[in-house]
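*Asks:* Quick one, what's the 3D model for this:
(chains A and B)
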Amino acid sequence: MKQRHLLYDGTFDGFLSCVFYAFEHKLKQLSIKKASSCQNGLFSEPETIVTDEQKANRVWKGLQSKLSKRGCLSLYYAFLSEQVGVEQVLLDYIQYAFANLFEVDTDFSHPSVLATSKLAKSVGREKHRMEAFVRFRLTKDDLYFASIEPDFNVLPLISKHFERRYADQKWVIYDIKRKYGLLYDGHSVEIMTIDFPANFDFTKTESDFFTEQELEFQTLWQSYFKSTNIASRKNMTLHVKHVPKRYWKYLSEKQPG
Amino acid sequence: MSFQRTQEKLKILADAAKYDVSCSSSGSKRNNTNKGLGDASGMGICHSYTEDGRCVSLLKILLTNHCIFDCAYCVTRKSNDIKRAAFKVQEVVDLTISFYRRNYIEGLFLSSGIFKDANYTMERLVAVAKKLRLEENFNGYIHLKSIPGASDELMHEAGLYADRLSVNIEIPTEEGLKRLAPDKKREDFIKPMLKVKNDIVQYQAEKKVIRNTPKFAPAGQSTQMIIGASGENDFQIMQTSNLFYKTYNLKRVYYSGYIPISYDARLPQIGTAVPMMRENRLYQTDWLMRFYGFDVSEILNETHQNLDLDIDPKLGWALRNLHEFPVDVNTADKRMLARIPGLGMKSVYKILNARRFRRLNWEHLKKIGIALNRAQYFVVCDSNQFERRDLSSKKIKGLILQNSTSKYAKTLSNQLSLFA
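*Replies:* Next up is the predicted model:
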């Protein structure tokens, strides 16, 4: 049988539309890839699948009836990992789920189920890390601004957390890597893109943009961070394990004081 | 409030508070109401970690390090010649709010040296919490220290505003306490703890009848013991800990390896290594007690009074109870699965689920993530390969140690050389 190649726009709905297409046409051998990551294959032409929200919803509803809540969530989490080839793993999982009468999301002896649950765990870990490592800085427009550069696309997952927590202040969390952010205006969270000035340095707190007091609070936080450390228990391995170096760039306490 | 002055105070009072281990910020269920600030309804969050690898979750400070007591093990003891400072109530409130708004912290951990008397000190602590809740509409996490000897009325008020209350018993045995802190009595620690426990029970009962009963210390109580300062053994420590869990419904007991801070002849001298390995083993035992269904007497008892430093307490138990093994992972119940060395509760959960679909073999177990280097001697699964030799405990221990490198190897050899 001929291998088919489906392309989608990179959204979760787009991916689910591909799944719908695969089931509709009873495709057995297929690969699903992001349109942006595709290189033309040697032997076959890729087909672009148009994202269809209704079809995506039908697949999602079907999954909800086949899997536990937790199982569905881990599918979504794993998708947000944006790992190369994650679509194949998820497709295999989904096919396995639809082929069975009972919930398969706890079958940790199935390779795709286990792989998905591991990916979901990684994404969940990073979600939690971002809830911890976001550092707001107050701008002159009375806006609390934070920039992050997570490995996985976790902004959709942390939005609720920050909305609940900082209900009385305006804030922005901006993903530098994926070039979009969340804006909370005091009422609801919206997705937004920003055109930053060419010379804008995310790691610096320049007085052009941020309030005068901002640097003082950073200094206070840094000195607290230093004082609360117990030197005779120093354990840098453990420290770096908990706060991996790639996150240091945006942590106030890790800036040279 | 001048910036330099605040920074100076913060340095002194954070430095003095850092020996308190408790950093948890979970289990509170305090929702954000009326578009206020903060939310302590979910899991705890560690916002950073210091270079010693401990989490920074709360702004942990003392209100003041002036103290009328002279406990040998404490840095803020009266006779110690250090810089003293004190925060005003409003200063603590402002600092907490500004840190919280920047997502530096989950909330406030406020302790204090005892100035004037217990009630006077407790009153100030309660005032901070009250101000945060009522004036700032703050829903973040607040952990207050119960000052030994504080009145029941104050403890009750504290519970209304704080998420967690804690009082550190510090020394695991009464004799040790008498020797190192002659001004303090065990009853003084117990009294506020008992009052808070009774109030929590009462509020929870009322909550079942009247839904809008206010929250009372929703994250419960905790305490802390210093390890290695007064010569007690692990059996005594864990017995005390067990007693506190059972009698006072504590959420957590923390174990803090003694960090030498004084030349007092009653204590280990400055320069002595912090017993981090022992601390780690005690925490493991604590976990076995609370989550793995072990009774403390199975791990520590009259004949076995100290934990092994080179192997974990569960492995130690298994080696003393070889007659319970091997366990078949495909049929054993949850209780027994949890007792296999090298399996955590997450692996147990995965095994229980996965084996409903097919019989599990070594390959499955490995992928699920159990530590086979330890588990292999105690387990049979869907495979005709398993440990057939009739190995003695000593032999198994030797094989396991040979095939693994402890991340504590360095610490371990240092500690052993002391006895050589």
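*Asks:* Report the contact partners of residue B:291.
*Replies:* If you count contacts by C-beta atoms under 8 Å, 6 or more residues apart in numbering or on different chains, residue B:291 has them with residue B:345. (Glycine included, C-beta is placed from N, CA and C.)
*Asks:* Domains in chain B, by residue range?
*Replies:* With domains defined by automatic domain parsing, chain B comprises B:3-299, B:313-415.
*Asks:* contacting residues around residue 194?
*Replies:* Since you didn't name a chain, this refers to chain A. When the contact criterion is C-beta under 8 Å, 6+ apart, the partners of residue A:194 are A:172, A:174, A:181.
*Asks:* other chain: chain B
*Replies:* Neighbour list for residue B:194: residue B:248 [criterion: C-beta under 8 Å, 6+ apart].
*Asks:* Quick check: which element contains it?
*Replies:* When elements are defined using DSSP states H and E, residue B:194 is found to belong to helix B:186-209.
*Asks:* Could you double-check that residue A:93 sits in contact with residue A:113?
*Replies:* Yes - judged on C-beta atoms under 8 Å, residue A:93 makes contact with residue A:113 at a distance of 5.9 Å.
*Asks:* Around whichever residue of the stretch 301-420 of chain B sits closest to chain A, count how many other residues there are.
*Replies:* Residue of the stretch 301-420 of chain B nearest chain A, by C-beta to the nearest C-beta: residue B:353 (3.6 Å). Burial measure for residue B:353: 17 neighbouring residues, criterion other C-beta atoms under 10 Å in any protein chain shown.
*Asks:* Which neighbouring residues are in contact with the closest residue to chain B within the stretch 151-257 of chain A, exactly?
*Replies:* In the stretch 151-257 of chain A, the residue found nearest to chain B is residue A:238; the distance is 3.0 Å by C-beta to the nearest C-beta. For residue A:238, the contacting residues are B:49, B:52-53, taking C-beta under 8 Å, 6+ apart as the criterion.
*Asks:* same thing but 7 Å
*Replies:* Residues touching residue A:238, when contacts are defined by C-beta atoms under 7 Å, 6 or more residues apart in numbering or on different chains, comprise residue B:53.
*Asks:* which SS state does it fall under?
*Replies:* helix (DSSP: H, G, I helix; E, B strand; the rest coil).
*Asks:* contacts for whichever strand or helix holds residue A:13?
*Replies:* In the assignment (DSSP H and E), residue A:13 maps to helix A:12-24. Contacts with helix A:12-24, where a contact means C-beta under 7 Å, 6+ apart, come from A:6, A:8, A:30, A:32, A:49, A:51-53, A:55-56, A:58-60, A:76, A:79, A:87, A:91, A:94.
*Asks:* Stretch A:114-133 now?
*Replies:* Counting by C-beta under 7 Å, 6+ apart, the neighbours of stretch A:114-133 from elsewhere in the structure are A:74-75, A:77-78, A:80-81, A:83, A:86, A:89-90, A:93, A:108, A:148, A:150-152, A:154, A:157-158, A:161, A:247, A:251, B:45-47, B:367.
*Asks:* Residue A:152 contacts residue A:81, correct?
*Replies:* Yes - Residue A:152 sits in contact with residue A:81 when judged by C-beta atoms under 7 Å, with a separation of 4.9 Å.
*Asks:* between those two, who's got more neighbours?
*Replies:* Neighbours around residue A:152 and residue A:81, counted as other C-beta under 10 Å, are more numerous at residue A:152. The numbers are 23 against 20.
*Asks:* which residues touch that one?
*Replies:* For residue A:152, the set of contacting residues under the criterion of C-beta under 7 Å, 6+ apart consists of A:80-82, A:123, A:126.
*Asks:* export those to CSV and tack on pLDDT?
*Replies:* Listed next are these as CSV, based on pLDDT from 0 to 100:
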residue, pLDDT
A:80, 97
A:81, 96
A:82, 94
A:123, 97
A:126, 96
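*Asks:* Weed out the non-buried ones from those.
*Replies:* A:80-81, A:123, A:126 (16 or more other C-beta atoms under 10 Å in any protein chain shown).
*Asks:* Quick check: residue B:108 is in a helix.
*Replies:* No - using three-state DSSP, the secondary structure at residue B:108 is strand, not a helix.
*Asks:* Next, count neighbours for it.
*Replies:* The burial metric for residue B:108, expressed as a neighbour count using other C-beta under 10 Å, is 27.
*Asks:* Give the bridge partners for it, please.
*Replies:* With DSSP bridges as the criterion, residue B:108 is bridged to residue B:59, residue B:142.
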